[in-house]
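**Student:** next come a sequence and a model predicted from it.
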Amino acid sequence: MKVSIKRTSCFQEFEVPRHPSQTVLDVVTYIQRELDPTLAYRFACRVGMCGSCAMTVNGAPRWTCRTHIDKVASNDRLRIEPLRNLPVIRDLVTDMSAFFGKWAQAKGRYEGTRTRRDDFHQVPPDGEKRRAVDAAIECIGCAVCYSACDVVAWNPDYLGPAALNRAWTLIQDERDVARIERLRVVAGDAGCHSCHTHMSCTERCPKGLSPTASIAGLKREAAKLALRGKL
Amino acid sequence: MAQRASAAILAICVAVHLATVIYAVRGGLSAAEILGRTRGNAAWLAFYAMFVVAASVHAPIGLRAVLTEWLRWRGASRDLFLLAFAGLLLVLGLRAAMAVFGPVSP
């Protein structure tokens, strides 16, 4: 099959043998090993756990190790590009610092007050807040949602679905003490209110998470706090 | 927040406005008859003034997002433009409200 890969300045075409059991990552690996060793790309676990192999395949961001060829190369053609909305280092490798920078900007870090001398904070697993956290906590920061998001493409300041999703899990974490500060940040100019509910993030998340739902939760919480004059 | 607050006000205003429009049209009222009822009516003037103010807040905030996302317009110049746009809506809207609900000139 014909595989078109975005190199730093142009698309390069390769002829790759098609096998019945083959993923897009297999294709990229074959090209780098057998056809052009200068091709740069990222991968790690190759079993759908780490999210390192995320690329744009035929216009949609996916984990290449979890994308079977049959799903995307129906007419024996494939187009592979680096993830959208991130600066390209070389070929298929993007610079993820902006993605994680926004994570930090959204205060995506737990802040607690208990020390080793205090007892554990007991959080019932079936509580409403804990269940809300459970629904969104499995994010591994692969940036597929960030790439899928049109608002990220249109507004470079927008914090993005992953950062906001993580902020939501921390706001729902009853042990966390930075709740108000964090809500202030995510309800700011480039925060949750910029989300237009396109739901591209939810559609493409390889872990089946719904950043849209988390962002909707942030909008509700921000509104509640604003009404009480606490924001 | 201003967007949500103004949206809530607009939701009510639009509903009431729609109801009165349908009432006037169904009732077969002429323009003169409508103006006969609205002119000098302080309560309706207050209502429509609130409508205008809410719209003058809501529309520019919405436009702000559109300008940022489609024209990449940021900074003070964009915000000044939006302020001017808000002012325009306010002036045109209040003028209209005064024309329909304002006191009849002696």
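**Tutor:** In hand now; what should we look at?
**Student:** is stretch A:167-183 up against chain B anywhere?
**Tutor:** No - applying Cβ under 8 Å from any Cβ of the partner chain, one finds that stretch A:167-183 is not in contact with chain B, the shortest distance being 12.2 Å. No exception for glycine: its C-beta is placed from N, CA and C like everyone else's.
**Student:** how about residues contacting that stretch?
**Tutor:** Stretch A:167-183 has contacts (Cβ atoms under 8 Å, 6 or more residues apart in numbering or on different chains) with A:106-114, A:121, A:123, A:127, A:129-130, A:132-133, A:136-137, A:159, A:185-186, A:214-215, A:217-218, A:221-222, A:225, A:230-231.
**Student:** how about the residues of chain B near chain A?
**Tutor:** Contact residues (Cβ under 8 Å from any Cβ) of chain B with chain A: B:Met1, B:Gln3, B:Arg4, B:Ala65, B:Thr68, B:Glu69, B:Trp70.
**Student:** can you flag the buried ones in these?
**Tutor:** B:Arg4, B:Ala65, B:Thr68, B:Glu69 (16 or more other Cβ atoms under 10 Å in any protein chain shown).
**Student:** out of those, name the ones that lie in helices.
**Tutor:** The subset of those located in helices under the criterion DSSP state H comprises B:Arg4, B:Ala65, B:Thr68, B:Glu69.
**Student:** please name the nearest non-neighbouring residue to the third one.
**Tutor:** Read it as B:Thr68. Distances taken as Cβ to Cβ, 6 or more residues apart in numbering or on different chains place A:Asn155 nearest to B:Thr68, at 5.6 Å, with adjacent residues excluded.
**Student:** mind checking the SS state of the spatially most central residue of chain B?
**Tutor:** Central residue check for chain B by Cα atoms, centre = their mean: the C-alpha nearest the mean position is that of B:Val52, 2.7 Å away. Reduced to three states with DSSP: H, G, I helix; E, B strand; the rest coil, the structure at B:Val52 is helix.
**Student:** ok, now the one 3 residues further on?
**Tutor:** In three-state terms, and counting by three-state DSSP, B:Ala55 is helix.
**Student:** before we move on, the earlier item: tell me the contacts of the residue nearest to the centre of chain B?
**Tutor:** Under the criterion of Cβ under 8 Å, 6+ apart, the neighbours of B:Val52 are B:Leu89, B:Leu90, B:Gly93, B:Leu94, B:Ala96, B:Ala97.
**Student:** got the contact list for stretch A:6-16?
**Tutor:** The set of residues external to stretch A:6-16 that reach it, using Cβ under 8 Å, 6+ apart, is A:1-5, A:27, A:30-31, A:35-36, A:39, A:79-82, A:88, A:90-92.
**Student:** repeat the analysis, applying 10 Å as the threshold.
**Tutor:** The set of residues that contact stretch A:6-16 without belonging to it, under Cβ atoms under 10 Å, 6 or more residues apart in numbering or on different chains, is A:1-5, A:22, A:26-28, A:30-31, A:34-36, A:38-40, A:55-56, A:69, A:73, A:76-82, A:88-93.
**Student:** number of nearby residues for residue 18?
**Tutor:** Answering for chain A, as no chain was given. 13 (other Cβ atoms under 10 Å in any protein chain shown).
**Student:** hm, I was asking about chain B
**Tutor:** Neighbours around B:Leu18, by other Cβ under 10 Å: 10.
**Student:** which strands or helices does the helix or strand B:Leu18 falls within pack on?
**Tutor:** For B:Leu18, the host element (DSSP states H and E) is helix B:2-26. Helices and strands in packing contact with helix B:2-26 are listed as helix A:211-227, helix B:31-38, helix B:42-71; criterion 3 or more Cβ pairs under 10 Å, 6 or more residues apart in numbering or on different chains; DSSP states H and E.
**Student:** next SSE after the last one?
**Tutor:** Using DSSP H and E, the next helix or strand after helix B:42-71 towards the C-terminus is helix B:76-101.
**Student:** run the chain-centre distance for that next one.
**Tutor:** Distance of helix B:76-101 from the chain centroid (Cα atoms, centre = their mean, to the nearest Å) equals 9 Å.
**Student:** packing partners of it?
**Tutor:** Taking 3+ Cβ pairs under 10 Å, 6+ apart as the contact definition, the neighbouring helices and strands of helix B:76-101 are helix B:31-38, helix B:42-71.
**Student:** repeat that with 6 Å
**Tutor:** Under the contact criterion of 3 or more Cβ pairs under 6 Å, 6 or more residues apart in numbering or on different chains; DSSP states H and E, the helices and strands touching helix B:76-101 comprise helix B:42-71.
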